Structure formats: C-alpha cells, structure tokens
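Student: Structural data only, the sequence is not supplied:
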C-alpha cells in the first residue's frame, strides 16, 4: 500500500462489498480446499477446481450484461476441462484404505469452493469493477487498485475463519505450524499463492472479465507438471503433453475472435449507470 501510494476507501458501502469478497473469495474457499485435501488427493482436487470456469460462465452470464455465453467460450471450457482430465487421469487410481464417505465430502467441499470463487469474482466485477470509488487527493476520483481490493478482504477473512477455528480446532493439538518446514510452507503460500496471486488476478479480472480470468484454473496442472520435473525429477509422458496442449488450446479458443455467436446473455441496461456517490462524498475520503 505504501509503495503504490494506495488508499483504503472510507465509504462503508464499499468496505461492506470488500468484506463480502473476504468471505466468499478468501475465507470460504480457503477453508473448504484445505479441509477437502485431507481426504482426497491433489490430482482429483485439480480436476474439481476446473469446475470454476463452468460456474463462472453461468453466473457471469446471468448477472453481467457484457459476458454472454458464446460458442467459443463453451468450446474452450470443454476442451480445457478435457485437457485437465487427461493430465491428471493417470493419478486417479484407487488408494488402499481410503474412506469413501470422507472422499465424497471432500469432493463436495471442492465443488462448493469453485462455486464460491465464481460467485465472488462475479460479485466483485458487478459491484466494484472499474467504478471510481476512491477519492484520491492527487488524481481525484478513481477505481480501486488491486492492492486496495485485496487488503480489506484479507483482513476480514482471518476474522471470519477465527470463529470456526476456535470452535472446531481448539482441541486438535495446537493452532500454529508445528515445524520450520511447515512455517515455510504457510509463509510461501501466503506471500506467493495468495498475496501476489491476488494482486495479479484482480488486475486481470478487470481486463479479461470473470469467465476468461477463471480459465487460469486450467493452467494449474501445467504448473504442477513443470514443478514436478524441476523439483521432483518427474518425467513428462505423451499423455501429459497431449493434455497440456488441450489446456492451452482451450484458453486460446475461449479468447479467439471466431465463434463468438451469442448463445445466452443478459441484456444491457438502457441507460448508463449514474456516477457513484461514494466517490464524491466526504465519507469517501481516503486514509
């Protein structure tokens, strides 16, 4: 915030919207994902997280007038999901001693996390987007920067998570990472997997929109493969290469200039939205 000279809006309506994002885009999915991966393997988790673009496609088309469902989006969605399935399919062999009930609950939790991500991204673009909600003394009213969107969310999320953590985990053997390696993992995920990733994603969200941004889910298996080769000396087989090509092809198809015939979309408002009062009111002055 200091380096970018960013500011937090004081308008309670704007802060309330960011608080909602903190619940549905941070607290809920993070909790569901970390809980789910105690009972299902990472390959299956990767496949299920590929449902995020599917939810985003439907929710964004219903809520936003500028993100209709088109032929190329549907084609990209199907091709990308198929590629993700091809990549991780070889890791889906049944595990001895697995608990089917726990696995089912984990799978449902992953699906709900995808729904929460898609709903949160759509809510952000619908209520905040590029609206001029910060009154900057230098530039005047302007849109929120990525760090101004991310910081309030990640202040709200720990407060929300703290309540169930105290209720359900206080007797499970401690509430802090038990070793230096575990601390490193948590810090690494916090700095790179969350903080930096959010700043990049919120910037991308305003440029690409909800559906196209959600397609980054399909890149995750590719990153996992690269890290597996570099860190764990794993080998890339033909099946993995085919899946990677399908994933990249799906993203390219969804963003292609061809096949943009609209299948479904919400009609645009007949009149432009009025200027946001918060941007010019005294309560919108920044810290």
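Tutor: Structure received. Predicted model, so just to flag it, every value in this text is computed and none were measured.
Student: Model confidence for residue 278, exactly?
Tutor: Per-residue pLDDT puts residue 278 at 36.
Student: In which helix or strand does the nearest residue in space to residue 51 that is not next to it in sequence reside?
Tutor: If the residues on either side of it in the chain are set aside, residue 51 comes closest to residue 114, at 4.4 Å by Cβ to Cβ, 6 or more residues apart in numbering. (Each C-beta comes from the backbone N, C-alpha and C, glycine too.) Element membership for residue 114 (DSSP states H and E) is helix 100-127.
Student: The residue nearest to residue 51: how many residues sit nearby?
Tutor: Residue 114 has 23 neighbouring residues, counting by other Cβ atoms under 10 Å.
Student: Then residue 255?
Tutor: If we define neighbours as other Cβ under 10 Å, then residue 255 has 13 of them.
Student: Spatially, what comes nearest to it if we skip its sequence neighbours?
Tutor: Closest to residue 255 by Cβ to Cβ, 6+ apart is residue 212, at 6.1 Å.
Student: same check, this time on residue 185
Tutor: Computed as Cβ to Cβ, 6+ apart, the closest residue to residue 185 that is not its neighbour in sequence is residue 177, at 7.4 Å.
Student: Surely the residue nearest to residue 255 touches residue 253?
Tutor: No: using Cβ atoms under 8 Å, residue 212 is not in contact with residue 253; the gap is 11.2 Å.
Student: For the stretch 151-287 of the chain, just list every one of the helices.
Tutor: Using DSSP state H, counting those that start in this stretch, the helices of the stretch 151-287 of the chain run over 180-188, 197-208, 210-214, 220-232, 238-254.
Student: Please name every helix or strand in contact with the fourth one.
Tutor: Using 3 or more Cβ pairs under 8 Å, 6 or more residues apart in numbering; DSSP states H and E as the contact criterion, the neighbours of helix 220-232 among helices and strands are helix 42-49, helix 71-88, helix 238-254.
Student: Out of those, flag the one nearest residue 220.
Tutor: Of all those, it is helix 42-49 that lies closest to residue 220, at 5.9 Å by Cβ to Cβ.
Student: which helices and strands does the helix or strand following the helix holding residue 114 pack with?
Tutor: Per DSSP H and E, the first helix or strand lying C-terminal to helix 100-127 is strand 132-136. For strand 132-136, the elements it packs on are strand 140-143, judged by 3+ Cβ pairs under 8 Å, 6+ apart.
Student: Report all helices and strands that the strand it packs on contacts.
Tutor: Where contact means 3+ Cβ pairs under 8 Å, 6+ apart, strand 140-143 is packed against strand 132-136.
Student: Could you check the angle the strand it packs on makes with helix 100-127?
Tutor: For strand 132-136 against helix 100-127, the angle by axes from the mean of the first three to the mean of the last three Cα atoms, to 10 degrees is 70 degrees.
Student: just to revisit the earlier point, got the contact list for the residue nearest to residue 51?
Tutor: Neighbour list for residue 114: 29, 48-49, 51-52, 54-55 [criterion: Cβ atoms under 8 Å, 6 or more residues apart in numbering].
Student: coming back round to it: and the pLDDT for the residue nearest to residue 185?
Tutor: Note on residue 177: pLDDT of 73.
Student: Please tell me I have it right and it contacts residue 188.
Tutor: No: contact between residue 177 and residue 188 fails when scored by Cβ under 8 Å: they sit 11.4 Å apart.
Student: Please report how far residue 223 lies from residue 208.
Tutor: According to Cβ to Cβ, to the nearest Å, residue 223 and residue 208 sit 18 Å apart.
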